[in-house]
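Undergrad: coords please:
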Amino acid sequence: MNAVSNYKKLLLARLIAATVTATAALPMVSYAQSADANLRGMAAPSSTVTAKNVATGYTRVTKAGTDGSYTLVSLPPGTYNVDAGPGTEQTVTLTVASTATLNLAAKAAATGNAVNAQNLGAVTVNANTLTEVTTSEVGNTVSQRQIETVPQITRNFLEFADTVPGMVFTVQQNGNTSLQAGAQAPSAINVYIDGVGQKNYVLPGGITGQTSSQGNPFPQLAIGEYKVITSNYKAEYDQISSAAITAETKSGTNEFHGELFGDWTDTWMRAETPSEIAADKKQPSHDKEYGFSFGGPIIQDKAHFFVAYEGKEYDTPIAVSPGNDSFLVPQLPASAQAQLGPSSLPFKEDLYFAKLDWEPTTRDRLEASGKFRDESAISGPGTGQAASTAVNLINYDRRFDIRWDHSADSWFNRLQFTYENAFYKPTPVEFGNGAAYFTTPSEGSQQILDVGPASPLAAQDKGQKGPSLSDDLTFNDFEWHGDHVIKMGVSYKLVSLTAQDAFNYNPQFFYYVTPAGTVADPYQVQFPIALPGTNPAVRTSDRQLGTYIQDDWTVDDHLTLNLGLRWDYEQTPSYLNWVTPQAVVNALNAPNPYPGATPGQTYAQSLALGGVNIGNYISNGHNRNAQDNEFMPRFGFSWDLNGDQAHVFHGGAGRSYDRNLYELLQLEQTKLALAEPTITFQNPINPCTPSASCIPWNPAYYGGLNVLQSLLAATTAGREVDMVSNNLKTPYSDQISLGMRNQIGEWNTDVTVARVNSYNGLVYQLGNRYANGSFWENGSQPWNDGIPGWGNLIIANNGAETKNTQLLISAEKPYTPESHWGMTIAYTYSHALQNNDSQDVTDQYAFDEETIHDYPFIGSAVARHRLVMTGSLDGPWGLLFGSKLVLATPIPGLGLACFNDTSTPSGCLPYSATPPGSHFLIGGPIFGYREIDFQVTKNFKIYGNFNGYVRLDLLNAFNWNNYSDYSTNYGSNGVLNRTPVTYDPTGNILGTPREVKLTLGIKF
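TA: Predicted coordinates:
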């Protein structure tokens, strides 16, 4: 026995000492981000510890060490009977993605919250819910109680994530939803369902299916509970730089159970939106959601099944409002003005989920599951976009998972296979000529309104499909100066990525709008034109590998260390092997034809004078390499002050790499294959030098795409050239936090200060330079000085950054049957900065300054203060009450402030301004978002185990307008207005106007 113990100590010491070496030597090692729970504690030395799931009969055993310590890893969350021999039996509930402590001394009381009754079918079990407090991760758990009782606008299970400090779930007026953490874009998050990441590799939105969608990523009936980690996650989490959400799906039990529901809201059940009030017209709308779940045994204690379906049908009202400079709206053509005001967006979604599990032995568990998502929608109309610009959005997502768990006394192994197939395919509803109305260059060339058929850029075909295979291994009984749980694994993913960025139709004509009216003739036209011998659809086989090692080290009753190191690697052949066309290279090295060029000076030399080394962007198929230094150290600690889990200091620091979205990498190919060249028509407002891309206007150009394409049929003039840096880096964030958790009576609290800085965001900028290398001349940029014989040069580099310091305060009084109530409080203070002036956090274009490094850091589009409170209460006569309060200060409006500022070459500067807010009951006008929601549910018995319920949700009870559109008036003559940004009082809102939602359901 001593020899075995000494061997384990020696092996552990070598593992810890050689972490970096082991990581580099195993480039295919990774780990599935488990939503399972871990249970550890003390029992009688060398005793057998057994945990049996009360609902399913699933049983796991391990053996305590000679010192009495034991660990059970990767238990499905749920309620368990745990014992280490007679007199030690305890019933406890384990939560998702947690590590709980349970000491199994005879007649000992468990460490955790007060007794919580778990209704498991016909039997109600009193179980202690164990709370994880000795973790360095920053975040919290969303319980099934919250999912069932908190009012929600949509049945997107991620909506409850904003009850965790640092998180914001947004429902736009067009019904589209997004989840954001801190100052980073939604694409920086990752959601793991049953340990499988749902990352979108092609599009923004964070996870597949959530780009510009009103849909739900997963049936809410199938979600048990989930955990939100906003920073300092362990090394097992990959492809992420902001928040991790890890969820566990429901499984069948030893009893047959099911639920059937339908909810409804209609035009007469909601208040008018601001745009409807302004137009004196209420747009018909309706929301319907319905579904069912059913699960039960196949073989008692051995095999179970679970299925769920949810459908959604929406017809959402939307306000078509001007994008900028609303004071010019009266100068728009009457046909364009008529398209402002209320409109609607129909939507349909079907979501299916099925799961089978089989436990042939107490050592083995097999699971197979599948998800099918299919949706269609009319999308696009809203701010700056008329209803005529709508697209028909087709969106589907299919995923299949198979896994085998095998456990032993001292280790646990998971073998898992997954396959994914997710695509996004919008297509314009109308076809023909579109029109876009803009302010003049002296007013910043701001978009006012687009009307007519959508841009060819609105049609896309983007998605991902392919398999992955992983094998994950956990050692759970190493002893060396304390107890260690060490995790490692192996994984390989081969996924095919597809991106088509535009289709061959719908030219767009651009018109200037001045205080005197709209100029009759267009000043510009943009249209698609194919390059012979190229394909506008790009596909590549993306290979993803990674390795990590994680040691969760319990030094003693006070100190716990979380030590990890991760390394990721990704190959994208279409980027790595791309060869810049020789015609483009020749044009770059051709004589510069623009005024001011010296004899013999090439365009490349002009770029070099402006600091652009074009050689850094010309690819020969061999001078690009995948980044291989993505090492991510992650360190965390917790210090239990008294060793009783009542007062715990925690902190951590680490680095986390995300990935570059494929829709950005592929632009250098798709833009050439199907370019959208721009031809400028000679006009007095914005003169241009006569060339193939600067010609006199002719009404014949309205004749359609064939007429326009004939202008450039034998030339590449006007064809935009996008070029990506050969030394491309992967975006990442550095995270650090320090906080303290306390158990005060029945309340669990946490106060944490966290700092998250993100780096290396990919951004496209104007590469053109004047002949002398300058970027500014007479307040203008060189938009007409593109590559000779081609169009504008757009170059992509790393450099977008965010800086965010947050104070995160949470308090939770967990629900218990004895108290009949529960409550959560989440407060976030944010000081967030970014080096870009785009209001849209998903925007990765920055044309207002010479390079991304010339942008000043300005306030991000993040509320400075945000408070979210939820509560639930068991009432009399079978009534159940729930409520939610959300308060946030106004989100700053970001943009390019043009007011003839003499300190800048353009008279404009990137600017962030907070609009005036509104009152909340008492106090000053400081809030930008105010909402109070209520729900009441009446439960009643139908027959036997069949129970019915009627639920009424009152959303935004006080009908507060939470505006999302801005009006800007920055000033003039070098004087900035005191209030340069205000909310548009007739524009779109976030969330919903006051709305009543009725739900009917049956449970059995």
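
Undergrad: run a quick neighbour tally on the closest residue to Gly987 other than its chain neighbours.
TA: Distances taken as Cβ to Cβ, 6 or more residues apart in numbering place Asp965 nearest to Gly987, at 2.9 Å, with adjacent residues excluded. In this view, the C-beta of every residue, glycine as well, is placed from N, C-alpha and C. Asp965: 23 surrounding residues under other Cβ atoms under 10 Å.

Undergrad: would you mind measuring from Asp965 to Asp325?
TA: Distance, Asp965 to Asp325, using Cβ to Cβ, to the nearest Å: 13 Å.

Undergrad: related to what we said a few turns ago, ok, the residue nearest to Gly987 - contacts?
TA: Contacts for Asp965 were tallied using Cβ atoms under 8 Å, 6 or more residues apart in numbering; they are Ala319, Ser321, Thr383, Tyr983, Asp984, Gly987, Asn988.

Undergrad: and if you look at Thr824?
TA: Gln146, Thr163, Ser810, Ala811, Glu812, Lys813, Val868, Met869, Thr870, Gly871.

Undergrad: now it, which residues is it bridged with?
TA: Bridge pairing for Thr824 (DSSP bridges) gives the partners Glu812, Thr870.

Undergrad: hang on, the earlier thing: compile the contacts of Thr824 into TSV and extend it with columns for distance to Gly773, pLDDT and neighbour count.
TA: Output for the contacts of Thr824, formatted as TSV (distance: Cβ to Cβ, whole Å; pLDDT from 0 to 100; neighbours: other Cβ atoms under 10 Å):
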residue	distance to Gly773	pLDDT	neighbour count
Gln146	59	95	21
Thr163	53	97	25
Ser810	53	97	24
Ala811	58	97	17
Glu812	59	97	23
Lys813	64	96	19
Val868	51	98	25
Met869	57	98	17
Thr870	58	98	24
Gly871	63	97	19
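
Undergrad: need the per-residue pLDDT for the residue nearest to Gly987.
TA: pLDDT, Asp965: 92.

Undergrad: which residue ranges form the helices in the stretch 551-700 of the chain?
TA: 573-576, 582-588, 603-609, 662-665, 667-673 (DSSP state H, counting those that start in this stretch).

Undergrad: rewinding a little: how about the contacts of Asp965 in JSON lines, adding distance to Gln500?
TA: Shown next, in JSON lines, are those (distance: Cβ to Cβ, whole Å):
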{"residue": "Ala319", "distance to Gln500": "31"}
{"residue": "Ser321", "distance to Gln500": "30"}
{"residue": "Thr383", "distance to Gln500": "26"}
{"residue": "Tyr983", "distance to Gln500": "37"}
{"residue": "Asp984", "distance to Gln500": "34"}
{"residue": "Gly987", "distance to Gln500": "32"}
{"residue": "Asn988", "distance to Gln500": "29"}
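
Undergrad: out of these, which is most surrounded?
TA: Ala319 (27 neighbours).

Undergrad: regarding that one, what is its secondary structure?
TA: Counting by DSSP: H, G, I helix; E, B strand; the rest coil, the backbone at Ala319 sits in strand.

Undergrad: please report the distance of the closest residue to it other than its chain neighbours from Ile318.
TA: Of all residues beyond its chain neighbours, the one nearest Ala319 is Ser275 (3.2 Å), with distances taken as Cβ to Cβ, 6+ apart. Distance, Ser275 to Ile318, using Cβ to Cβ: 8 Å.

Undergrad: OK, contacts around Tyr314?
TA: The neighbourhood of Tyr314, defined by Cβ under 8 Å, 6+ apart, consists of Gly175, Gln214, His286, Asp287, Lys288, Leu345, Pro346, Phe347, Lys348.

Undergrad: phi, psi of the residue nearest to Ala319?
TA: Main-chain torsions, Ser275, degrees, to the nearest 10: phi -70, psi -30.

Undergrad: now for it, how many residues are close by?
TA: 26.

Undergrad: contacting residues for it?
TA: Ser275 makes contact with Ala319, Val320, Ser321, Gly341, Pro342, Thr986, Gly987, Asn988 under the criterion Cβ under 8 Å, 6+ apart.

Undergrad: now do Gly621
TA: Asn577, Trp578, Val579.

Undergrad: among those residues, which one has the most neighbours?
TA: The most crowded member of the contacts of Gly621, judged by other Cβ under 10 Å, is Trp578 (22 neighbours).

Undergrad: per-residue pLDDT, that residue?
TA: pLDDT at Trp578 comes out at 96.

Undergrad: and the closest residue to it other than its chain neighbours, how many neighbours does it have?
TA: Of all residues not flanking Trp578 in the chain, Ser619 sits nearest, at 4.9 Å (Cβ to Cβ, 6+ apart). By other Cβ under 10 Å, the residues close to Ser619 number 19.
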